[in-house]
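# Test case, fold it:
(2 chains)
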Number of protein chains: 2
Amino acid sequence: MNKIIECIPNFSEGRDKEKLEKILDEIRKQEGVKLLDYSMDKDHNRSVVTFVGDLESVIEAAFNSCKKATELIDLRNHKGEHPRMGATDVIPLVPIKNVTMQECIEYSQKLAKRIGEELNIPVFLYEKSANSPQREDLSNIRKGEFEGMFEKLKQEEWKPDFGPQIPHETAGVTAVGARMPLIAFNVNLGTNDIEIAKKIAKAVRGKSGGFKYCKALSFELKERNIVQVSMNMVDYTKTPLYRVFQVIENEANRYGVNVIGSEIVGLVPMNALADVAEYFLKIENFSYDQILENRIYGD
Amino acid sequence: MNKIIECIPNFSEGRDKEKLEKILDEIRKQEGVKLLDYSMDKDHNRSVVTFVGDLESVIEAAFNSCKKATELIDLRNHKGEHPRMGATDVIPLVPIKNVTMQECIEYSQKLAKRIGEELNIPVFLYEKSANSPQREDLSNIRKGEFEGMFEKLKQEEWKPDFGPQIPHETAGVTAVGARMPLIAFNVNLGTNDIEIAKKIAKAVRGKSGGFKYCKALSFELKERNIVQVSMNMVDYTKTPLYRVFQVIENEANRYGVNVIGSEIVGLVPMNALADVAEYFLKIENFSYDQILENRIYGD
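Reported below is the predicted structural model:
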């Protein structure tokens, strides 16, 4: 059985291509790992890297890229729009194939321990790996950012899970954790009234009473003169895309507005789309095992 | 670039498991090939086998399994409900990944030539490989079945594409051809009125004015006291599932009947389901390349 996990480290360097390349090389050189994607954001001064592979190889590549980022990135000089607390800001691990969430959690602990001990960086376990509810949400951990970590870590409640209780002088603090695949799903409304998008985002957002695994914001798309409900679907197995989509359609209709389109930003797991097809076609007794590609690459 | 095709040979033996196993062994022993599925049907006295692999390996396994079937199956003693003309009745080749239809056609010609010359079996090229419109449809070629082939092949218009102009004494005649993946898609109606299913099947069936790449029949599901529109979708890229499904819903509504469910029998390509999700969620600018699994197994 071929076990595959995905790793999506976020590095606090979005401008210097040469530095990012050196970090990427640490991933590329690792056997058993495939680099799928990376994107640099100049405004955020941050890069998001995606790679997959077996558990051991992914952990090895994640550690080596984090080590390289520690050598190359100095947060004391870092400015960007996106909040950040570390040179390697966050390392999520996602189960993809023949891997349980529990295995991902165990490997996130191994990785966090190594980064803490060998690189001398304080590490917090977050999301499914979190040791307290307060640490599940990355934004709680990152609050105060790099500059505020020196004071924050002195508090007993913010003692890191691994590594020293003082931030790394130049590389700060890192979060490592297992989570479900995240789907960036945006729905476009046939209106320029941002108030309607705000109300709908609120209706579907878990925090305000909507779907538990849906995070939602509203945006104006000025070039198209429309508004958008922009979502992160953080567990499509429990909050499926079609259900949220249809609630958005219903809420929009209430204001006499149509859903005019949607977009998926980045990657989406095949099964998340299969769920949508299964729902709308009312397929009975469907099994993921009926998908040809699952059989071809099944083990 | 990893090229993958699928091969789904139909053998005229659905009762003797030992014989089928010997045929399957010819596929299993072939390097570069993966046996995905097989099913024996006693009433039809026929087995359908599915395997995938690279072009050369698939052709090799197809030839060897056909050779073994020629040794083991004697059509002079064969009885079953399903029409048949050969021990290896038909060998479809389907492009799956990084393979064009043209390549599949070329390899179907190679395979047909080898079966004709080395096994002394007359072979017809059908579907996309057909050399005349009359030979596109397998049922035209097979008309008369094994028993009628001895007379049929004497006609100039039914001269085989490869091999002798006389059927193989025990193994008859074989058809080989490239085709698109076929999806067996059935839609269940909330009525036991077979006339409604008949009318709807007629409405969506290409032959009677419906969708070109949809073949449709109507059935009673007596145990559930409902009726079904049973379809073969023979090119989902040109006649997508969602479009046919919605026409069935509309036609059913006309008679005050609901679609209560559907089923996909056997395997379905991932992209066929992605198309359904893309349609119903109104996804803009979607690319198959955004499917995580396509990236992982991409080349």
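# Now do the contacts for A:V173.
A:M85, A:G86, A:I121, A:P122, A:V123, A:F124, A:F146, A:M149, A:L153, A:P160, A:P167 (CB atoms under 8 Å, 6 or more residues apart in numbering or on different chains). In this view, the C-beta of every residue, glycine as well, is placed from N, C-alpha and C.
# burial count for the residue nearest to A:K238 when sequence neighbours are not counted?
Spatial nearest neighbour of A:K238, excluding adjacent residues (CB to CB, 6 or more residues apart in numbering or on different chains): A:Y213 at 5.3 Å. A count of neighbours around A:Y213, defined by other CB atoms under 10 Å in any protein chain shown, yields 18.
# now A:A203
Using other CB under 10 Å, A:A203 has 19 neighbouring residues.
# pretty sure it is touching A:E251, no?
Yes. The pair A:A203 and A:E251 qualifies as a contact (CB atoms under 8 Å) at a distance of 5.2 Å.
# separation between A:E263 and chain B?
5 Å (CB to the nearest CB, to the nearest Å).
# Tell me which residue of the stretch 1-150 of chain A lies closest to chain B.
Nearest residue of the stretch 1-150 of chain A to chain B: A:L36, at 4.8 Å (CB to the nearest CB).
# name the element that residue belongs to?
If you go by DSSP states H and E, A:L36 is part of strand A:33-41.
# Hmm, A:T50 and A:V58 touching each other?
No. Between A:V58 and A:T50 there is no contact under CB under 8 Å: 11.2 Å.
# more neighbours, these two?
A:V58 (28 against 20).
# That one in helix, strand or coil?
Judged by DSSP: H, G, I helix; E, B strand; the rest coil, the three-state class of A:V58 is helix.
# Who are the contact partners of it?
So A:V58 contacts A:I5, A:E6, A:C7, A:G32, A:V33, A:F51, A:V52, A:L93, A:Y107 (CB under 8 Å, 6+ apart).
# before we move on, back to that, just the contacts of A:V173: which are in helices?
A:F146, A:M149 (DSSP state H).
# Mind checking which of the contacts of A:V173 are in strands?
The strands, defined by DSSP state E, take in A:V123, A:F124 from these.
# among the contacts of A:V173, who's most crowded?
Most surrounded of these: other CB under 10 Å gives A:G86, at 32 neighbours.
# how near is the closest residue to that one other than its chain neighbours to B:Y38?
For A:G86, ignoring the flanking residues on the chain, the nearest one in space by CB to CB, 6+ apart is A:G172 at 3.9 Å. Applying CB to CB, to the nearest Å, the value for A:G172 to B:Y38 is 57 Å.
# likewise A:A216?
From A:A216 to B:Y38 the distance is 47 Å (CB to CB).
# neighbour count winner among these two?
A:A216 (27 against 18).
# Phi and psi next, for the more buried one.
phi -140, psi 140 (degrees, to the nearest 10).
# hang on, isn't it packed against A:V204?
Yes. When contacts are counted by CB under 8 Å, A:A216 is listed as touching A:V204 (5.2 Å).
# Spit out the residues that contact the two alike.
Common neighbours of A:A216 and A:V204 (CB under 8 Å, 6+ apart) are A:G210, A:V229, A:M231.
# Export the residues you listed as TSV, with columns for secondary structure and distance to B:P269.
Converted to TSV, the shared contacts of A:A216 and A:V204 look like this (DSSP: H, G, I helix; E, B strand; the rest coil; distance: CB to CB, whole Å):
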residue	secondary structure	distance to B:P269
A:G210	coil	34
A:V229	strand	31
A:M231	strand	28
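# Most neighbours out of those residues, which is it?
A:V229 (31 neighbours).
# Can you name the residues that contact it?
A:N186, A:V187, A:L189, A:A197, A:I200, A:A201, A:V204, A:A216, A:L217, A:S218, A:I248.
# how about a markdown table for those, with distance to chain B added?
Shown next, in a markdown table, are the contacts of A:V229 (distance: CB to the nearest CB, whole Å):
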| residue | distance to chain B |
| --- | --- |
| A:N186 | 9 |
| A:V187 | 8 |
| A:L189 | 11 |
| A:A197 | 16 |
| A:I200 | 15 |
| A:A201 | 17 |
| A:V204 | 14 |
| A:A216 | 16 |
| A:L217 | 19 |
| A:S218 | 18 |
| A:I248 | 10 |
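# Show the buried residues in the residues you listed.
For the contacts of A:V229, a neighbour count by 16 or more other CB atoms under 10 Å in any protein chain shown gives the buried set as A:N186, A:V187, A:L189, A:A197, A:I200, A:A201, A:V204, A:A216, A:S218, A:I248.
# pLDDT weak spots in chain A?
For chain A, residues meeting the criterion pLDDT under 70 lie at A:1, A:299.
# Tell me which residue is most central in it.
Per CA atoms, centre = their mean, the C-alpha nearest to the average position across chain A is that of A:L182, at 5.8 Å.
# looking at it, that one is touching A:T239, isn't it?
No. Using CB under 8 Å, A:L182 is not in contact with A:T239; the gap is 11.7 Å.
# pretty sure A:R179 is touching A:N232, no?
No. Taking contacts as CB under 8 Å, A:R179 lies outside contact range of A:N232: 10.9 Å.
# So between the two, which is more surrounded?
Comparing A:R179 with A:N232 by other CB under 10 Å, the one with more neighbours is A:R179, at 22 against 15.
# Tell me who's in contact with the nearest residue in space to the more buried one that is not next to it in sequence.
Setting aside the residues directly before and after it, A:R179 is nearest to A:E127 in space (CB to CB, 6+ apart), at 4.1 Å. Residues near A:E127 by CB under 8 Å, 6+ apart: A:P92, A:E136, A:L138, A:G177, A:A178, A:R179.
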